[in-house]
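Okay, structure incoming, though there's no sequence with it:
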């Protein structure tokens, strides 16, 4: 059975300090990519648990005065919004392609109007019809 631990990471000098609050533990890593493995190794040794039974959720909190965690949360929200806008734009483009096709506009011209290849325009017409 795998046990998951939350781990927080901060930068101190040239090292990443890896805090394991559930066990009041602290270790360090040279590279951020190593932080999770270092935490798993520390937990395995401390709890006498096989390393394969340990998972960690690594959160980078701060680097100097930069609140990395808050900025990453904002980036995640922005990416979700961008994906939502992309889905909306695709639906709108498909609806326009279908409407133009219903007016007997050739697929090549629909592609030119939408700024896509005629193959993509054909897909949009078919998507909108489905």
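Everything's here; your move. Only a predicted model underlies this, so the values are computations on that prediction, with no experimental measurement involved. Residues are numbered from 1 along each chain as shown.

What's the mean pLDDT across stretch 70-85?
Mean pLDDT, computed over stretch 70-85, is 97.

Roughly how far does the residue nearest the centre of the chain sit from residue 82?
When the chain is reduced to its mean C-alpha position, the nearest residue by Cα atoms, centre = their mean turns out to be residue 76, at 6.6 Å. Taking Cβ to Cβ, to the nearest Å as the measure, residue 76 and residue 82 are separated by 11 Å. Placement of C-beta: from N, CA and C, glycine included.

now swap in residue 16 and tell me
From residue 16 over to residue 82 the distance is 29 Å, taken as Cβ to Cβ.

between those two, which one's more packed in?
residue 16 (22 against 10; other Cβ atoms under 10 Å).

Might you report the residue contacts of that one?
Neighbouring residues of residue 16 by Cβ atoms under 8 Å, 6 or more residues apart in numbering: 9, 10, 28, 29, 30, 31, 32, 34, 35.

ok, of the residues you listed, which come out buried?
Among the contacts of residue 16, those buried by neighbour count (16 or more other Cβ atoms under 10 Å) are 9, 28, 29, 35.

Only the buried residues of the lowest-mean-pLDDT helix or strand in the chain, if you could.
Within the chain, no helix or strand scores below helix 118-129, which has a mean of 86 by mean pLDDT, DSSP states H and E. Buried residues in helix 118-129, counted by 16+ other Cβ under 10 Å: 120, 121, 122, 124, 125, 128.
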